[in-house]
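K.L.:
Predicted coordinates and the sequence they were generated for:
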Amino acid sequence: MKRVYVNEEWCLGCHLCEYNCAFANSGMKDMSFALKDKKIYPRIHVEGSDKITFAVSCRHCEDPICIKSCIAGAISKQDGVVKIDRNKCVGCLTCVLVCPYGALMPGENGLMQKCELCLENTCGTPACVTGCPNKAIVYEERSDEQ
Amino acid sequence: MKNYVIIGNGTAAAGVIEGIRTADRDSKITVISDEHHHVYGRPLISYYLEGKTDLSRMKYRPDDFYTKNGCETLLGKKAVSVDADKKTVTLETGEVITYDALCVATGSRPFVPPMEGLDSVTEKFGFMKLDDALSIEKALTKDSRVLIVGAGLIGLKCAEGIKEKVRSITVCDLADRVLSSILDNDCAAIVQKHLEENGITFLLSDTASSFTDNEAKMKSGKTVSFDILILAVGVRANTELVKNAGGAVNRGIVVNEKLETSIPGVYAAGDCTEGFDSSIGANRVLAILPNAYMQGYAAGINMAGGKKEHANAIPMNSIGFFGLHMMTAGSYEGEIIEEKTDAGIRRYFIKDNLLKGFIIIGDTTRTGILTSLIRDKVPLDTVDINEAKTDVSNMIFSKEARRKKFGGVV
């Protein structure tokens, strides 16, 4: 299955992926209307220092501990994609407590949201990848640990 | 074809069903429960009272869960005994169910210490099951004065859930601090202050010693008048079925890493068990939901002839009250390193080159990275734990470790 991977040597730390993610999931047509003067809640987050930066989003694990830990049964895996039913989430953040990648963060209302690879939003393919100016983020199939 | 039987219908039972179905698609699964409800997320009952979820959304699995998984449900029926020789379960109704593999997932029940005059209190409730929440919901009015006995996770979550629906809430506990099972003194003080600012009154190092109708006489000599009493002192594992069938039981049902009890063909999972806590290297009851699911899942696979061990369980909790969130994990032994933050504190417990535990109040961003250090026993000389004092991120790992973490399928 294709997943999002980040090459930290190529990441510029520009945070564009965060903006593209927030826009793709906003459901709006106009980027400035969707994001201007607003605190954004992307599902991918750039971490790092002055010298090293890299973006982290859901790894869509083979055996996701978040699904097993969710107290609401709100997280499930469908066709390899780990999804969250925000209607069921109560914002307990147990998934944040267990995700070893630190990949999950709550949205604006305190309920969880997560990368679902843009497969069902207006973008249709991961917006973080499409908009990455240095091609540091890629969407590809990898068989095993590279 | 086998006959699988599960006693209990909570999270562990859902894990058992899903575990069995990874290895055996066809055999019959019978689910017996004294509750009438479709499997629901038990910790959600406080969110239900608070209005953050409802009966439909709090279902732990979809409506077609049992039919899709080939389960027959016997709901509202209580299992009263297990015959280990005949491999049967007898219900209160007299029905006898035979099994090839049985999983006992009976959870726990409130522990109510002997308190004089408790029988004279008409409006008293536990807070463990959906039916408890529904009963409390009916009994509450905006004029209700509520006394909650127990300042643990259950009592305080109940307090938050009903706060906007009642006139006043007093919480008492024999312990000298709130959440004594997961917080140390300093951290408990932060949380207590926040709860008090949100209108909860505490009587700590004190508890109700006797009741007369709607009045509690406290150990300290104080009296508390109330309309509704909620008993959240503690819980006891439901071990009797296994014990009476001759199985080994301590505070919980004794299980090995495969979730087998001492009775052949009988497994156990969830809050009724006492399993191995890898953070202290000893057995104990780990009554937390993720553990219940993972134990159930492993038990299910093993019941169906597969092989799955449930080994690296640790205590961990993520919980919030009135907007203040906290996460805790592991054991609180060893050297403490800490950082005070705007919203609270990060306190790490370090021993033998390992992160043994943490208490984080306030900013809980990416805390799962720390949980994985405990669970996977990552040697601390390979990570920069001091970096995590101010900011928990993947920068604590070496470049090579990050490449392994993020470079492939995981």
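P.N.:
That came through fine. Computed from a predicted model, the values in this text were never measured in an experiment. Residues are numbered from 1 along each chain as shown, chains lettered A, B, ... in the order given.
K.L.:
contacts and neighbour counts: CA atoms only from here.
P.N.:
Fine.
K.L.:
Tell me how chain A divides into domains.
P.N.:
Domain assignment for chain A by automatic domain parsing gives A:1-54+A:115-146, A:58-114.
K.L.:
Is the last one in proximity to chain B?
P.N.:
Yes - on the criterion Cα under 8 Å from any Cα of the partner chain, domain A:58-114 is in touch with chain B at A:59-63, A:68-74, A:87-88, A:90, A:92-105.
K.L.:
Quick check on those residues: which are buried?
P.N.:
Among the residues of domain A:58-114 next to chain B, those classed as buried by 16 or more other Cα atoms under 10 Å in any protein chain shown are A:59-60, A:68-74, A:88, A:90, A:92-105.
K.L.:
Hmm, residue B:188 and residue B:178 touching each other?
P.N.:
Yes - in this structure residue B:178 lies within contact range of residue B:188 using Cα atoms under 8 Å: 5.6 Å.
K.L.:
who's more crowded, the two?
P.N.:
The neighbour comparison of residue B:178 against residue B:188 (other Cα atoms under 10 Å in any protein chain shown) goes to residue B:178, with 29 against 18.
K.L.:
Spatially nearest residue to residue B:203, not counting backbone neighbours?
P.N.:
Leaving aside its sequence neighbours, residue B:203 sits nearest to residue B:172 (Cα to Cα, 6 or more residues apart in numbering or on different chains; 4.5 Å).
K.L.:
SS state for the one you found?
P.N.:
State at residue B:172, reduced to three classes by DSSP: H, G, I helix; E, B strand; the rest coil: strand.
K.L.:
What is the subsequent helix or strand relative to the helix or strand bottoming out on mean pLDDT in chain A?
P.N.:
Here the helix or strand of chain A ranked lowest by mean pLDDT, DSSP states H and E is helix A:31-35, holding a mean of 92. Going down the chain from helix A:31-35, the next helix or strand is strand A:45-48, by DSSP states H and E.
K.L.:
distance between that next one and the chain's centre?
P.N.:
12 Å (Cα atoms, centre = their mean, to the nearest Å).
K.L.:
touching chain B at all, it?
P.N.:
Yes - if you take Cα under 8 Å from any Cα as the test, strand A:45-48 does meet chain B, through A:47-48.
K.L.:
Could you give the average pLDDT over the longest helix anywhere in chain A?
P.N.:
Ranked by residue count and defined by DSSP state H, the top helix of chain A is helix A:16-24. Averaging the model's pLDDT scores along helix A:16-24 yields 96.
K.L.:
how about the residues of the stretch 151-300 of chain B that lie near chain A?
P.N.:
Going by Cα under 8 Å from any Cα, the residues of the stretch 151-300 of chain B near chain A are B:289-291, B:293-294.
K.L.:
mind running it again at 7 Å?
P.N.:
B:289-290, B:293-294 (Cα under 7 Å from any Cα of the partner chain).
K.L.:
follow-up on the earlier one: residue B:148 is in contact with the residue nearest to residue B:203, correct?
P.N.:
Yes - taking contacts as Cα atoms under 7 Å, residue B:172 lies within contact range of residue B:148: 6.4 Å.
K.L.:
ok, now which ones touch the residue nearest to residue B:203?
P.N.:
Applying Cα atoms under 7 Å, 6 or more residues apart in numbering or on different chains, we find residue B:172 in contact with B:148-151, B:202-204, B:206-207.
K.L.:
Repeat the analysis, applying 6 Å as the threshold.
P.N.:
With contact taken as Cα atoms under 6 Å, 6 or more residues apart in numbering or on different chains, residue B:172 is in contact with B:149-150, B:202-204, B:207.
K.L.:
hmm, back to that, among the residues of the stretch 151-300 of chain B next to chain A, which one is most surrounded by other residues?
P.N.:
Comparing these on neighbour count, residue B:290 comes out first with 29 neighbours (neighbours: other Cα under 10 Å).
K.L.:
what does the average pLDDT come to for stretch B:379-391?
P.N.:
If you average the pLDDT values across stretch B:379-391, you get 94.
K.L.:
mind checking the end-to-end distance for that stretch?
P.N.:
End-to-end span of stretch B:379-391 (Cα to Cα, to the nearest Å): 19 Å.
K.L.:
how about that stretch: buried residues?
P.N.:
Buried residues in stretch B:379-391, counted by 16+ other Cα under 10 Å: B:380, B:383, B:385, B:388-389, B:391.
K.L.:
Run the chain-centre distance for it.
P.N.:
Computed by Cα atoms, centre = their mean, the separation of stretch B:379-391 from the middle of its chain amounts to 29 Å.
K.L.:
nearest residue to residue 124 other than its sequence neighbours?
P.N.:
The chain I'm using is chain A. residue A:118 (5.3 Å).
K.L.:
please go with chain B instead
P.N.:
Closest residue in space to residue B:124, ignoring its immediate chain neighbours: residue B:229 at 4.6 Å, by Cα to Cα, 6+ apart.
K.L.:
Then residue B:378?
P.N.:
residue B:354 (6.5 Å).
K.L.:
check contacts around residue 45.
P.N.:
Unless you meant another one, I'm taking chain A. Counting by Cα under 6 Å, 6+ apart, residue A:45 has contacts A:55-56.
K.L.:
You answered for a different chain; I wanted chain B.
P.N.:
Each residue near residue B:45 by Cα under 6 Å, 6+ apart is listed here: residue B:130.
K.L.:
same thing but at 7 Å, please
P.N.:
Counting by Cα under 7 Å, 6+ apart, residue B:45 touches B:130, B:133.
K.L.:
now the strands for chain A?
P.N.:
A:2-6, A:45-48, A:53-56, A:75-78, A:81-84, A:105-106, A:112-113, A:137-141 (DSSP state E).
K.L.:
now for the third one, which elements pack on it?
P.N.:
Using 3 or more Cα pairs under 7 Å, 6 or more residues apart in numbering or on different chains; DSSP states H and E, the elements in contact with strand A:53-56 are strand A:45-48.
K.L.:
Could you spell out the sheet neighbours of the strand it packs on, each with its direction?
P.N.:
strand A:53-56 (antiparallel) (DSSP bridges).
K.L.:
need the helices for the stretch 251-400 of chain B, in chain order.
P.N.:
Assigned by DSSP state H, counting those that start in this stretch, the helices in the stretch 251-400 of chain B fall at B:289-303, B:368-375, B:387-390, B:399-406.
K.L.:
same for the second one, what does it pack against?
P.N.:
Spelled out, that is helix B:368-375. helix A:94-98, strand B:354-361.
K.L.:
Out of these, which is closest to residue B:280?
P.N.:
Closest to residue B:280 of these, according to Cα to Cα: strand B:354-361, at 8.6 Å.
K.L.:
Surely residue B:143 is in contact with residue B:164?
P.N.:
No - at 10.9 Å, residue B:143 and residue B:164 do not qualify as touching, with contact defined as Cα under 7 Å.
K.L.:
Count the residues that sit near residue 28.
P.N.:
Because you didn't say which chain, this covers chain A. Neighbour tally, residue A:28, other Cα under 10 Å: 13.
K.L.:
not quite, I wanted chain B
P.N.:
Using other Cα under 10 Å, residue B:28 is surrounded by 17 other residues.
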